[in-house]
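K.L.:
mind looking at a prediction? Sequence and model below.
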There are 2 protein chains.
Amino acid sequence: MLPRGRPRAMGAAVLLLLLLVVGFFLFGRDPDYGLGTTATLDEDPYGSRNLSASSPQLLLPPKCEMLHVAIVCAGYNSSREIITLTKSLLFYRKNPLHLHLITDAVARNILETLFRTWMVPAVVVSFYDAEELKPLVSWIPNKHYSGLYGLMKLVLPSILPPSLARVIVLDTDVTFSSDIVELWALFDRFSDKQVVGLVENQSDWYLGNLWKNHRPWPALGRGFNTGVILLWLDRLQQTGWEQMWKVTAKRELLTLMATSLADQDIFNAVIKEHPHLVHPLPCVWNVQLSDHTRAERCYLEAADLKVIHWNSPKKLRVKNKHAEFFRNLHLTFLGYDGKLLRRELFGCPNQFPPGAEQLQQALTQLDEEEPCFEFRQQQLTVHRVHITFLPHQPPPPQPHDVTLVAQLSMDRLQMLEALCRHWPGPMSLALYLTDEEAQQFLHFVEMSPVLSMRKDVAYHVVYRDGPLYPVNQLRNVALAQALTPYVFLSDIDFLPAYSLYDYLRASIEQLELDSRRKTALVVPAFETLHYRFSFPNSKAELLTLLDAGSLHTFRYHEWPQGHSSTDYSRWREAQAPYRVQWSADYEPYVVVPRDCPRYDPRFVGFGWNKVAHIIELDAQEYEFLVLPEAFSIHLPHAPSLDISRFRSSPTYRNCLQALKEEFHQDLSRRYGSAALKYLTALQQARSRA
Amino acid sequence: MLPRGRPRAMGAAVLLLLLLVVGFFLFGRDPDYGLGTTATLDEDPYGSRNLSASSPQLLLPPKCEMLHVAIVCAGYNSSREIITLTKSLLFYRKNPLHLHLITDAVARNILETLFRTWMVPAVVVSFYDAEELKPLVSWIPNKHYSGLYGLMKLVLPSILPPSLARVIVLDTDVTFSSDIVELWALFDRFSDKQVVGLVENQSDWYLGNLWKNHRPWPALGRGFNTGVILLWLDRLQQTGWEQMWKVTAKRELLTLMATSLADQDIFNAVIKEHPHLVHPLPCVWNVQLSDHTRAERCYLEAADLKVIHWNSPKKLRVKNKHAEFFRNLHLTFLGYDGKLLRRELFGCPNQFPPGAEQLQQALTQLDEEEPCFEFRQQQLTVHRVHITFLPHQPPPPQPHDVTLVAQLSMDRLQMLEALCRHWPGPMSLALYLTDEEAQQFLHFVEMSPVLSMRKDVAYHVVYRDGPLYPVNQLRNVALAQALTPYVFLSDIDFLPAYSLYDYLRASIEQLELDSRRKTALVVPAFETLHYRFSFPNSKAELLTLLDAGSLHTFRYHEWPQGHSSTDYSRWREAQAPYRVQWSADYEPYVVVPRDCPRYDPRFVGFGWNKVAHIIELDAQEYEFLVLPEAFSIHLPHAPSLDISRFRSSPTYRNCLQALKEEFHQDLSRRYGSAALKYLTALQQARSRA
């Protein structure tokens, strides 16, 4: 950093002197170091290690200067990609960043939630609607896999705010391995006429003749790659960019019919015509790993790679003898715990996103010595949330449709296939995972024919943070993302009766639940203690197993009060739905309208998390109706870490007790004397204990 | 990088010119930027962002130049610390590194295994025995928590190889946040007389008067911190360093009685006397986070932190308003997947550790399209291994002692406490974890009074890599680390009878196993299907439960052949050990001498991994003796991911079949016709299937 407040003129004089010195080096370079045959790459093609010693411009922008980045992003898969790119960007950056994201509705939905919950200091995100840009480029026939979205980079100068003078444009499939400020600093090397900075292509595509009748678009030599672009926006406006690229594109399309590489073909055609517009960038700023890449000539010489570009449709599976090296760089950020990027930039003003400072303050005020500290901390934790992590087809709107809602962590993945076989309807599942586990989960789904077929299951990743399982926060994420009018609030260890999905929809219709919004349909819960057992095909079969002792009503031995209100003996005989009353500790699995009350997020770890929700339903005067043909069965599993801690630690039990009491205080505040019965029930339970 | 082959004289001329230019800047600096009051810090105290623009020396060493780092490391906890430090070093480095590790026996044992299995290209590790250095420093009374090991930094110049001219010395509690080559480059800024590079202390310790009678050792102003040292070794030798520090230390000890901060006190006393020896380094190269740190003055101004030093005994729990920021940097490397650092340095010769190239070649030759590709790949994978991850007290040598050997992953942690209650003897457990999970495991043990009390349980972390569970590789790691003459080869889901440990030792003694080395004592296996059950206190109680149907012989329903040879009905009545014969698919849990055959590592994932080991024992003519009072009971758990895949994927089953056949081929090669019976058994089994 330069000492501040020194007169600019002095800096300029020094710069001039340095320029003279360094020019001496540059013009003495061995020409063999150039990557290609074009004359455009004759200066510092590798991005020298001793950057400042061999390049005319030395100075990085001031510490707190905002850098602008624009990215086009559409769909589920690109939304995952852009997060990895962003992690690599944030890891190395030391400046505030403003991300300008041009998104479709899917990506916007995902990324808005993600960035809101990520709460990274000194990052501003703006969204631009890609739908509105489609008409601007849809007239261009394009054969590239990026579709219309690839072409949108051409119209950025007209849609980004006029106040924005310069921007770095990135493809979603690049990974940073250095601080983007060094790339931004290259704007200073542009001559007055140059408006776009690009790295030369590292393949022979534009040289033509790759196969018979291979006729690429016109380009200077190997042409340039548009995965990383420095755009000087105000100059582009002044040079009449919009007019310029359209004229060129229309002319070329007369003979070439369509673009093969989307925007890149058009950028190259324009540059071929106006070579003075381009500022060639050092090759290390866009190391291209396509199948027949010549990138090796770049990275074997360079001391330092800056940006890696997975510009093959095969992405990480591209064949390359150094593939392992590059994959490791990429996997670094794929698996990197994003919460570690919530790092402030020391000395920069106004960097905190909404709520972040208050949250930080609340966390700081907690007393680490207090016995329930872990609970308090966990309750305050804001988890990063990546909704619809995998491609998803929302269910068509149907008035009686039901979404199964549940949450799980890695150790329950093996339940998913069975669950899919038992529940043919939509599901909304929250998964509590580390960034690394999220990738394992992705692999798991891809490997499973059962799971990869199902597009009506929405998986929402909530990233792990803290020692206690935030069970109710997870349930709320899954619940908020359910798109049908009704939800079945289940748990991951339960398999529903094969007929349950159809039966629930029929029941909702018959009972005309619309007109009685405050109804909770109870699905009676059973359990088996055997890993392998043959699932009953009907209520009759279930009753036989029950009588034979192969099945039990759920938690009959350990926690009978959890389900006693369901009244299993009445259920045996019941032919029609029957109403039951709330009683202390009741926690049935229920079907309710999607706008039902949320779960109380204060309950983290094991215990009382569903009980509190059922109290809330009862307090809001939901009617509990048990369905005579509905059932679901719990499969055995080892006790969770949280249950084990609950059983072995008196502190854990005391903290849970404290949470219960606070819950009841809140209840009294909200429902007044109507909440009295819950408090009485709690006190009776305590005096029994 | 400078163009190669250009005459050095030209470079020198340019440097001179640059020096003139840049000197202009330096002498114009605002003096307020200096951190402390000492005159030693007047140049570039923050390590400027535009390093080259404001500093006299610009040039980094050539791309492939080896950098040398020395670290003193002793004990279990420092061995974990040094790995995190090394990960941060390797993440940013772009030069070959030679680590000179001065270790006690514990650290050497851990780190030799770790670096051998880590296989990082372009890293050389040399070990030096700290025991031999103790006499050189043990005459110095020292009150610092680092003990004698801290003082050893003083004698490095006399023990490192004479060929080594310069070395960077690091404490184990530093984390890099930049490329160490930039630190190495600072050697070039030393004047001819300077021999040691240090960062000024960021606390007021050496100013004295922190409390009544606080009398620190003499120092220049705030003094210097020795967490990061640049040592110019050959110059130190020439200046008579050894004589110099000893004279100073002895003189000061006459009045000060002992060092408070180990080597740091002595370094400072020497520097106070010979200030020309020290070259002050920019503060960012040692940002000190002790409790009353004044480091904020450094990092709020600096654009870039280079090295963070956790120089409080509280380490990560130190109080600091930016603690979260620094913790996040540290956690980055704590949880970083070390295998991603197996990155080559492009263009540098001879960088591969022994075996790495062959391994890489073997992996490259695998056919990704082959159905059993995942199995082949998993078999070849070399996992990083961190033996004795936690402090461990080896069992005293006893001729009949038995170590329980087992392996587990994260989802079985909750078994550990129960296991500790059932087995009061030594255990050797291999844990298959990610780097992040290893930290969770550490936390889990620290939180558990039962586990943190037990120092006779050795935990060996095998780092995860690949989709299949490398069950037999894990077993071999745990087996190799067992230190008693006998081992009980168990599985993590089994709880042994409370009396088993004593009973086994007594049986080994009575049976005089020493004289019959090839004996395998069979511990009969049972199972319960209930999560909660009361564990039988005797064989009689067990038989009662068995008759009541609450217990079963292990896998009676699914896989009776696994244990039928144990002959449970004979066991019911047996009063004395009885011999049984091998039969197809037999896989009992056995107690054998520690030098028994290893498990066959080709079996990864689910299936046949123990069966193959028992065949190996039988082929080597081990005698199977069932113990009449021994038993162990399997607790229920959800099927593992690997079992689920085995059940659902025909490919998985086919690959397992292929492994079996290869195993039998090897068996025939090694045992000739004696192995025929196993092949016959396999064929019979196949014809039945």
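P.N.:
Received it, and whenever you're ready, just let me know what you need. Note that the coordinates shown come from a computational prediction; the quantities given were computed from them, not determined experimentally. Residues are numbered from 1 along each chain as shown, chains lettered A, B, ... in the order given.
K.L.:
now do the buried residues in stretch A:428-443.
P.N.:
A:428-442 (16 or more other CB atoms under 10 Å in any protein chain shown). Using the backbone N, CA and C atoms, a C-beta is placed for each residue, glycine as well.
K.L.:
now it - C-alpha only, CSV.
P.N.:
Extracted in CSV, the C-alpha atoms of stretch A:428-443 (Å, rounded to 0.1, in the frame of the first residue of the first chain):
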residue,chain,number,x,y,z
SER,A,428,-39.4,-31.6,0.9
LEU,A,429,-36.4,-32.7,2.9
ALA,A,430,-33.9,-30.7,4.9
LEU,A,431,-30.4,-32.2,5.1
TYR,A,432,-28.0,-31.1,7.8
LEU,A,433,-24.6,-31.5,6.1
THR,A,434,-21.1,-30.1,5.9
ASP,A,435,-20.1,-28.7,2.5
GLU,A,436,-18.1,-31.8,1.9
GLU,A,437,-21.0,-34.1,2.8
ALA,A,438,-23.2,-32.2,0.4
GLN,A,439,-20.9,-33.4,-2.4
GLN,A,440,-21.1,-37.0,-1.1
PHE,A,441,-24.9,-36.6,-1.0
LEU,A,442,-24.9,-35.4,-4.6
HIS,A,443,-22.8,-38.5,-5.6
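K.L.:
need the max-distance pair from the buried residues of stretch A:428-443.
P.N.:
Taking CB to CB as the measure, those span a maximum distance of 23.5 Å, between A:Ser428 and A:Glu436.
K.L.:
once you drop chain neighbours, what's closest to A:Tyr498?
P.N.:
A:His422 (5.9 Å; CB to CB, 6 or more residues apart in numbering or on different chains).
K.L.:
quick one: the one you found from A:Phe535, how far?
P.N.:
8 Å (CB to CB, to the nearest Å).
K.L.:
cool, and A:Val195?
P.N.:
With CB to CB as the criterion, A:Val195 and A:Phe535 are 66 Å apart.
K.L.:
the more surrounded of the two?
P.N.:
The residue with more neighbours, out of A:Val195 and A:Phe535 and counting by other CB atoms under 10 Å in any protein chain shown, is A:Val195; that gives 24 against 17.
K.L.:
list the contacts of the more buried one.
P.N.:
Contact analysis of A:Val195 by CB atoms under 8 Å, 6 or more residues apart in numbering or on different chains lists A:Leu231, A:Trp232, A:Arg235, A:Leu236, A:Thr239, A:Trp241, A:Leu277.
K.L.:
top of these by number of neighbours, please.
P.N.:
A:Leu231 (25 neighbours).
K.L.:
could you verify that that residue is part of a strand?
P.N.:
Yes. Assessed by DSSP: H, G, I helix; E, B strand; the rest coil, A:Leu231 belongs to a strand.
K.L.:
how about the nearest residue to it, chain neighbours excluded?
P.N.:
A:Val167 (5.1 Å).
K.L.:
let me know the closest of the contacts of A:Val195 to chain B.
P.N.:
A:Trp232 (22.6 Å; CB to the nearest CB).
K.L.:
A:Ser260 versus that closest one, what's the distance?
P.N.:
In terms of CB to CB, A:Trp232 sits 27 Å off from A:Ser260.
K.L.:
cool, and A:Gln360?
P.N.:
The value you get for A:Gln360 to A:Ser260, if CB to CB is used, is 50 Å.
K.L.:
again with A:Leu59
P.N.:
Taking CB to CB, one finds A:Leu59 at 40 Å from A:Ser260.
K.L.:
and for A:Leu207?
P.N.:
From A:Leu207 to A:Ser260 the distance is 14 Å (CB to CB).
K.L.:
okay, and the common contacts of the two?
P.N.:
A:Pro216.
K.L.:
list the buried residues for stretch A:111-118?
P.N.:
A:Leu111, A:Thr113, A:Leu114, A:Phe115, A:Thr117, A:Trp118.
K.L.:
give me the pLDDT value at the nearest residue to A:Gln440 once chain neighbours are set aside.
P.N.:
Counting by CB to CB, 6+ apart, A:Gln440 lies nearest to A:Met410, which is 7.2 Å off, once chain neighbours are set aside. On pLDDT, A:Met410 comes in at 90.
K.L.:
report how many residues lie close to A:Met410.
P.N.:
Around A:Met410 there are 20 residues (other CB under 10 Å).
K.L.:
run through the bridge partners of the most centrally placed residue in chain A.
P.N.:
The centre of chain A sits closest to A:His386, judged by CA atoms, centre = their mean, with a distance of 3.5 Å. Beta bridges link A:His386 to A:Val461, judged by DSSP bridges.
K.L.:
what's near enough to touch A:Thr175?
P.N.:
A:Thr175 neighbours (CB under 8 Å, 6+ apart): A:Thr84, A:Leu85, A:Ser88, A:Val307, A:Ile308, A:Trp310, A:Leu329, A:His330, A:Phe333.
K.L.:
please read the previous query as pertaining to A:Val477.
P.N.:
Per CB under 8 Å, 6+ apart, neighbours of A:Val477: A:Val385, A:Ile387, A:Gln407, A:Ala430, A:His460, A:Val462.
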